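>>> okay, predicted coordinates and the sequence, questions at the end:
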Amino acid sequence: MSGRESVRAFFAVELSSAARAQAAAAIELLRSELPDPVRWVPEENLHLTLKFLGELDPDRIPKLVHLAAAKLVREHPFEAEIGGLGAFPSARAARVVWLGVTHGAGPLARLARKLDASAGRLGLERERRPYRAHLTIGRLPTPERIPFERVEAPGGARFPVDEVVLFESRPSSAGSRYRPLARLPLGRADALELAPLD
Ligand code: ATP
Ligand code: MG
């Protein structure tokens with residue numbers, strides 16, 4: 001095993017390269033319109049989070065993957081689409097700037113519920129808030145008003161969602177870096193991939 005005491009991990013959906021490129025183009029447009037303190041997410045880090053797991057003992061990962069994969073085998077691939085713009089907790093005091101999900105939000109929420117339940121079976125913390133599918137594109141160190149009226153909400157291409165990825169998140173001087181630890185297919189028992197921890 002890895003010998004490490006804990007791994008910071010989360011389940012997410014990756015974007016297709018076309019959807020990723022569109023989101024990156026939207027970020028480029030917003031960069032010039034929105035306030036300076038926004039820390040924009042680098043293109044390679046863009047993802048749709050389904051379930052944040054926090055720090056967990058690496059020895060628990062195989063069991064977690066097994067539980068989650070068993071659930072996801074019963075699900076089906078679907079399509080999602082990114083579009084629209086918003087902020088958490090509000091546009092008046094934004095900490096997170098996001099692109100919305102204009103198609104596939106229901107199935108994404110369903111996956112999020114399944115993964116939350118799998119994590120709960122291992123004793124990990126359950127999500128208390130209702131799941132809201134979104135693509136985080138920027139973060140603000142302190143709450144700021146975002147002048148959304150100045151910008152046009154971008155639309156996006158549809159892309160297939162046919163797997164869930166378990167990512168490890170590692171801090172680096174350039175911000176968090178993510179590494180896929182396992183790929184959990186939707187509706188296919190034969191395609192599970194599990195990477196060793198290093
Ligand atoms: P950084 O923390 O360096 O700004 P990051 O937030 O992308 O980068 P992580 O904090 O490791 O990196 O988070 C990984 C993923 O989990 C991101 O999608 C993040 O939005 C999400 N996430 C982080 N903390 C939570 C939380 N407490 N609840 C729900 N999702 C979270
Ligand atoms: Mg974070």
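The structure has been received and is ready for your questions. Ligands and ions are numbered 1, 2, ... in the order given.
>>> ok, residue 11 - contacts?
The contact partners of residue 11, by C-beta atoms under 8 Å, 6 or more residues apart in numbering, come to 49-51, 53, 68, 115, 164-167. For every residue, glycine as well, the C-beta is placed using N, CA and C.
>>> just confirm residue 183 is within a strand.
Yes - assessed with DSSP: H, G, I helix; E, B strand; the rest coil, residue 183 lies in a strand.
>>> dump the residue contacts of it.
Residue 183 is in contact with 163-166, 191-193, counting by C-beta under 8 Å, 6+ apart.
>>> tell me which two of the contacts of residue 11 sit farthest apart.
49 and 68 (14.5 Å; C-beta to C-beta).
>>> which one's more surrounded, these two?
residue 68 (25 against 17; other C-beta atoms under 10 Å).
>>> the more buried one touches residue 165, doesn't it?
No - in this structure, residue 68 is not within contact of residue 165 by C-beta atoms under 8 Å, at 11.0 Å.
>>> joint contacts of these two?
Joint contacts of residue 68 and residue 165 (C-beta under 8 Å, 6+ apart) are 11, 184.
>>> before we move on, back to that, just give me the closest of the contacts of residue 11 to residue 87.
residue 49 (16.0 Å).
>>> who does the most centrally placed residue in the chain form a beta bridge with?
By C-alpha atoms, centre = their mean, the chain has its centre lying nearest to residue 49, at 2.0 Å. Here residue 49 sits in beta bridges with residue 12, going by DSSP bridges.
>>> touching, residue 111 and residue 75? I think so.
Yes - judged on C-beta under 8 Å, residue 111 makes contact with residue 75 at a distance of 6.7 Å.
>>> where does residue 75 sit: helix, strand or coil?
Per three-state DSSP, residue 75 ends up coil.
>>> next, it: phi, psi?
Taking degrees, to the nearest 10, you get phi -90, psi 180 for the backbone angles of residue 75.
>>> and if you look at residue 65?
Taking degrees, to the nearest 10 as the convention, residue 65 sits at phi -60, psi -40.
>>> contacts only, for the closest residue to it other than its chain neighbours.
Closest residue to residue 65 apart from its sequence neighbours, by C-beta to C-beta, 6 or more residues apart in numbering: residue 182 at 4.8 Å. The contact partners of residue 182, by C-beta under 8 Å, 6+ apart, come to 61, 65, 69, 165-166, 192-195.
>>> at 10 Å what do you get?
Residue 182 makes contact with 9, 11, 61-62, 64-66, 68-69, 163-168, 192-195 under the criterion C-beta atoms under 10 Å, 6 or more residues apart in numbering.
>>> and residue 187, by the same measure?
Residue 187 makes contact with 72-78, 162-163 under the criterion C-beta under 10 Å, 6+ apart.
>>> with distance to ligand 1 added, can I get the residues you listed in TSV?
Listed next are the contacts of residue 187 as TSV, based on distance: C-beta to the nearest ligand atom, whole Å:
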residue	distance to ligand 1
72	19
73	24
74	25
75	21
76	24
77	22
78	20
162	20
163	17
